[in-house]
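> Kindly generate the corresponding structure for this input.
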Amino acid sequence: MLLAVILAVACSGGPAPSPSPTAAATPVPSPAAVVAIRPPSTDILAENEVGLTLAGGSDQVTITQAAAEQQNQPLALTLYRSWGWIDEAVRAWGDSSRRADDALLLLSKPEGAQRAFQAFAADFVKAPFTAVDCPPGLAADECREGRSGTLTVMVVRVDRYVFRMQGLKVDLEQLATLQAAKIRKP
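A predicted model of the protein is given here:
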């Protein structure tokens, strides 16, 4: 499993001043920029989107289930809680020569998703991986991609979602682009 142990207004007696033309307003996201929150099992890639046979997977992976898979379970549980872990769905597809894995995690807040992204992405900036640029068409807030021979790994953040993908002899960039678009769909 890919994991590295990785948030006055002043009053005067006169009339209220008019707003300054240089004052920055808080941006309001357009409806297209708002990500609808759904269970990860709803948005994880399907077999027909990947083009490989489904080899396994789980839905509604809880924080305790995920921590139980780690060598230092108490530390993992504390870390995952700090991120605001809500739910995860995982899938594996493959045949005798090609493989793809996807883990889609929903967190309670974007700041937690940023921390989760940073923790997961830390694995892909050191050997045996070589960092490469993420695909330009990927609609993501953050992305990290690494390659080692025919193995490609990616960690991507889209709002409160973080997904981790790895692939052997597959177009992982295309799959990541599909996954990000699926998360962003209204």
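
> So what are the sheet partners of the helix or strand of the chain at the bottom of the mean pLDDT ranking and their directions?
For the chain, counting by mean pLDDT, DSSP states H and E, strand 130-132 ranks last in confidence among helices and strands (a mean of 91). Using DSSP bridges, strand 130-132 pairs in its sheet with strand 142-148 (antiparallel).

> how much does the next helix or strand after the partner strand deviate in direction from strand 142-148?
Following strand 142-148 in sequence order, the next helix or strand is strand 151-158 (DSSP states H and E). Angle, strand 151-158 to strand 142-148, by axes from the mean of the first three to the mean of the last three CA atoms, to 10 degrees: 180 degrees.

> got the contact list for the most centrally placed residue in the chain?
By CA atoms, centre = their mean, the mean C-alpha position of the chain lies nearest to residue 162, the distance being 1.5 Å. Residue 162 sits next to 104-105, 107, 113, 116-117, 120, 155-156 when contact means CB atoms under 8 Å, 6 or more residues apart in numbering. Just so you know, the C-beta spots here come from the backbone N, C-alpha and C atoms, and that holds for glycine as well.

> Go through those and flag which are in helices.
Among the contacts of residue 162, DSSP state H puts 113, 116-117, 120 in helices.

> Which one of the residues you listed sits in the busiest neighbourhood?
In terms of neighbour count, residue 117 stands highest of the ones in helices among the contacts of residue 162 at 27 neighbours, by other CB atoms under 10 Å.

> In contact with that residue, which residues are there?
Residue 117 neighbours (CB under 8 Å, 6+ apart): 142, 144, 155-157, 162.

> Can I have the buried ones of these as a ChimeraX selection?
Selection command for ChimeraX covering only the buried members of the contacts of residue 117, criterion 16 or more other CB atoms under 10 Å:
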select :144,155,156,157,162
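
> Need the max-distance pair from the contacts of residue 117.
The largest separation in the contacts of residue 117, counting by CB to CB, is between 144 and 162 at 10.8 Å.

> so where's this structure uncertain?
Within the chain, the segments meeting pLDDT under 70 span 1-33.

> Quick one: the helices in the chain, in order.
Secondary structure of the chain (DSSP H): helices located at 40-43, 47-50, 63-68, 73-83, 110-121, 172-184.

> can I have the first one written out in PDB, keeping just the CAs?
Taking C-alpha atoms only, helix 40-43 is exported to PDB below (Å, rounded to 0.1, in the frame of the first residue of the first chain):
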ATOM      1  CA  PRO A  40     -16.100   7.500  -2.700                       C
ATOM      2  CA  SER A  41     -17.700   4.300  -3.900                       C
ATOM      3  CA  THR A  42     -19.900   6.400  -6.100                       C
ATOM      4  CA  ASP A  43     -17.000   8.100  -7.900                       C
END
